[in-house]
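Asks: return a 3D structure for these sequence lines:
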Amino acid sequence: MAILRRVLYLDSFLAGVVGLGLAVAPEFLLVTLFGQPGGPDDEVARLLGVTLVSLALLMVLVGHRVEDLWWWCWAFVLLEAGTALVALLNAAVGLPQGAAAWPWWGIGLGSLGFAAAFVWGIGKAGIERPPS
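Replies: So this is what the prediction gives:
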């Protein structure tokens, strides 16, 4: 359970920090730091930021009760695997003219790593404590 709890807390920290940045200063984060020309509308980025902060809170809630709710982490596996797929495909074939590719590769590989870590943690948790 310790591995799964650490993965939940690390993922929630990153989601919370990025979400707060998007909610407060989307243009600075997307255009200045991540080199995305034009970026999405500020409103869409702010909504994504609020969603990420809420998601981070849910991860913390599951992390606090991971002994009982470890199997809920399959939802986070789906989230991270889907995010990895979209980001890696975008980096490989869908970048707009002048957009930096490194943020997309980073998001894709990071999300893939989180998906694998969640699956590993779920597997260990399932051996330690099967669902009731």
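Asks: C-alpha only now, for contacts and for neighbours.
Replies: Will do.
Asks: let's verify residue 117: helix, strand, or coil?
Replies: Classification of residue 117 using DSSP: H, G, I helix; E, B strand; the rest coil returns helix.
Asks: next, the contact list for it, please.
Replies: 4, 7 (C-alpha atoms under 8 Å, 6 or more residues apart in numbering).
Asks: where's it relative to residue 57, distance?
Replies: To residue 57, residue 117 is 19 Å away according to C-alpha to C-alpha, to the nearest Å.
Asks: do the same with residue 14
Replies: Counting by C-alpha to C-alpha, the separation of residue 14 from residue 57 is 11 Å.
Asks: where exactly do the helices run in the chain?
Replies: Listed in chain order, the helices of the chain (DSSP state H) span 2-24, 26-27, 42-64, 66-69, 74-93, 102-128.
Asks: low pLDDT regions in this structure?
Replies: Within the chain, the segments meeting pLDDT under 70 span 39-40, 130-132.
Asks: hey, which of the helices of the chain is tucked in deepest?
Replies: Most buried of the helices of the chain, by mean neighbour count (mean count of other C-alpha atoms under 10 Å): helix 26-27, with a mean of 23.
Asks: what's that helix packed up against?
Replies: Judged by 3 or more C-alpha pairs under 8 Å, 6 or more residues apart in numbering; DSSP states H and E, helix 26-27 is in contact with helix 42-64.
Asks: how far off helix 74-93 does the helix it packs on point, in degrees?
Replies: With axes from the mean of the first three to the mean of the last three C-alpha atoms, to 10 degrees defining the directions, helix 42-64 sits at 140 degrees from helix 74-93.
Asks: so which elements touch helix 42-64?
Replies: Counting by 3+ C-alpha pairs under 8 Å, 6+ apart, the packing neighbours recorded for helix 42-64 are helix 2-24, helix 26-27.
Asks: tell me the angle that helix makes with helix 2-24.
Replies: Using the same axes, to 10 degrees: helix 42-64 against helix 2-24 is 160 degrees.
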